[in-house]
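In: got a sequence here, can you model it:
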Amino acid sequence: MPGKECVNLLVTTSQGLLPFIESLPDAVVIANADHKIVLVNSRAGEMFGYPVDALEGADLKMLIPVHLQDGHKRNVKGYFRGPHARPMGAGGRFSGLRADGTEVPVDIMINSIMLDGVRVAMALVRDVTYQRELEDRLTLESLTDEMTGFYNRKHFKAQLRAQFSAYTRSGLPASVVMYDFDRFKVINDQYGHAAGDRVLVDAAKLIHEELRPMDVACRVGGEEFAIILPNTNLQDAVTFAERIRKRIEQVEFRLDGITFHSTITVGVASFTPADTSYDSLMRRADNALYAGKAAGRNCVISQDSLT
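Out: The predicted model follows:
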């Protein structure tokens, strides 16, 4: 019988189990196969913001975010068909729903027991807000350029790959703007590397102001950058590129009382039906950028200009 070893783990009554679950530091929520809560400890009430008596007898969905409720109910049914122990840290990301409507990141340990003669699932629910925030921060740091706040080359490739997959499925346009600072070495040689850093940082702040929430700005090399523009055709991407080119051209960079200027050369490319991967888009954007350099710099060149 599937899960027999779990069912025999603990056979008890609600009154006999209550002192034990009250002694635990984690929230405990015990539910039956009908998705009903049969027993909780006071820690569960504190975590989710409900009186204990309001939880017991209620549908388990009151603790599940709305967008997860249907899937959770199916999972509970599946669990009772084949009960098994689930330890903490077994993978997956879960969230609970508080009484005030906010979500709380949780990890869950589940086991099947017999309670008052009925098979139930006992879940220990742990608030992992701090751990989740730490994980997210470390993940973000691993994908972010510390100086500019832009994403790094690794994230750029992952996002571009995802955009290509979306393009092949839906046909929605996506474009890439590649730009490189002109004669950047001259700035470093004449004013020092701190001046070069100032250009990169201030230009990044300026470009952030132009980005939509869906856009992805990345530093892909020393002074080479790329911006992914989802749901953006080539002409609109060229318009965007020209706007940031002009803004950077007009900026007066300042460092220790010294003022100086910088410009960028920009290459723009969009996915086409002939693309078999994101690499071909990258090559066109690179070629457009190099064509702009050859044409005298401080300009925007699109893939259409190369044909």
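In: neighbours of Lys284, just the number please.
Out: Careful, residue 284 is Arg; it's not Lys. Residue crowding around Arg284 was assessed by other C-beta atoms under 10 Å; the count is 24. Just so you know, the C-beta spots here come from the backbone N, C-alpha and C atoms, and that holds for glycine as well.
In: cool, the one 4 residues further on as well?
Out: Applying the criterion other C-beta under 10 Å, we find 25 residues in the vicinity of Ala288.
In: ok, and the closest non-adjacent residue to it?
Out: Sequence neighbours aside, Gly267 is the residue nearest to Ala288 in space, at 3.2 Å (criterion: C-beta to C-beta, 6 or more residues apart in numbering).
In: direction included, what does the stretch of helix or strand that neighbour belongs to pair up with?
Out: For Gly267, the element it lies in under DSSP states H and E is strand 264-270. Paired strands of strand 264-270, with direction, are strand 174-181 (antiparallel), strand 300-302 (parallel) (DSSP bridges).
In: so for Ile244, which of those strands sits nearest?
Out: For these, the distance to Ile244 is smallest for strand 174-181, at 7.4 Å, taking C-beta to C-beta.
In: okay, the next helix or strand after the closest one in CSV with CA atoms only?
Out: Of the helices and strands lying after strand 174-181 in sequence (DSSP H and E), the nearest is helix 184-191. These are the backbone C-alpha positions of helix 184-191, laid out as CSV (Å, rounded to 0.1, in the frame of the first residue of the first chain):
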residue,chain,number,x,y,z
PHE,A,184,36.8,55.4,-24.3
LYS,A,185,40.5,54.8,-23.8
VAL,A,186,41.2,58.4,-24.5
ILE,A,187,39.0,59.4,-21.6
ASN,A,188,40.9,57.0,-19.3
ASP,A,189,44.3,58.1,-20.5
GLN,A,190,43.5,61.8,-20.4
TYR,A,191,41.4,62.1,-17.2
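In: can you pull the buried residues of helix 184-191?
Out: Of the residues in helix 184-191, those scored as buried under the neighbour-count criterion (16 or more other C-beta atoms under 10 Å) are 184, 187-188, 191.
In: closest one to Thr239 out of those, please.
Out: Nearest to Thr239 among those, with distances taken as C-beta to C-beta, is Phe184, at 25.1 Å.
In: Gly257 versus that closest one, what's the distance?
Out: Taking C-beta to C-beta, to the nearest Å as the criterion, Phe184 is separated from Gly257 by 21 Å.
In: ok, now Asp100?
Out: Asp100 is 53 Å from Gly257, where distance means C-beta to C-beta.
In: now do Ile187
Out: Relative to Gly257, Ile187 is positioned 16 Å away (criterion: C-beta to C-beta).
In: Ser277 too?
Out: Using C-beta to C-beta, one obtains 49 Å as the distance from Ser277 to Gly257.
In: can you check Arg297 too?
Out: For Arg297, the distance to Gly257 equals 27 Å [C-beta to C-beta].
In: out of the two, which sits in the more crowded spot?
Out: Between Arg297 and Gly257, counted using other C-beta under 10 Å, Arg297 has the larger neighbour count: 14 against 5.
In: report pLDDT for the more buried one.
Out: In the predicted model, Arg297 carries a pLDDT score of 96.
In: burial count for the closest residue in space to it that isn't next to it in sequence?
Out: The shortest distance from Arg297 to any residue other than its chain neighbours is 4.3 Å, reached at Asp182 (C-beta to C-beta, 6+ apart). The number of residues packed around Asp182, counting by other C-beta under 10 Å, is 20.
In: would you check that Asp182 makes contact with His261?
Out: No. Under the criterion of C-beta atoms under 8 Å, Asp182 lies out of contact with His261, with a separation of 10.1 Å.
In: sec struct for the closest residue to Asp275 other than its chain neighbours, please.
Out: Once flanking residues are discounted, Asp275 sits nearest to Leu281: 5.9 Å by C-beta to C-beta, 6+ apart. Remark: Leu281 carries the secondary structure label helix [criterion: DSSP: H, G, I helix; E, B strand; the rest coil].
In: wait, Leu281 sits on Phe271?
Out: Yes. Proximity of Leu281 to Phe271 meets the contact threshold set by C-beta under 8 Å, at 5.7 Å.
In: which stretches of the chain have low pLDDT?
Out: 1-11, 307 (pLDDT under 70).
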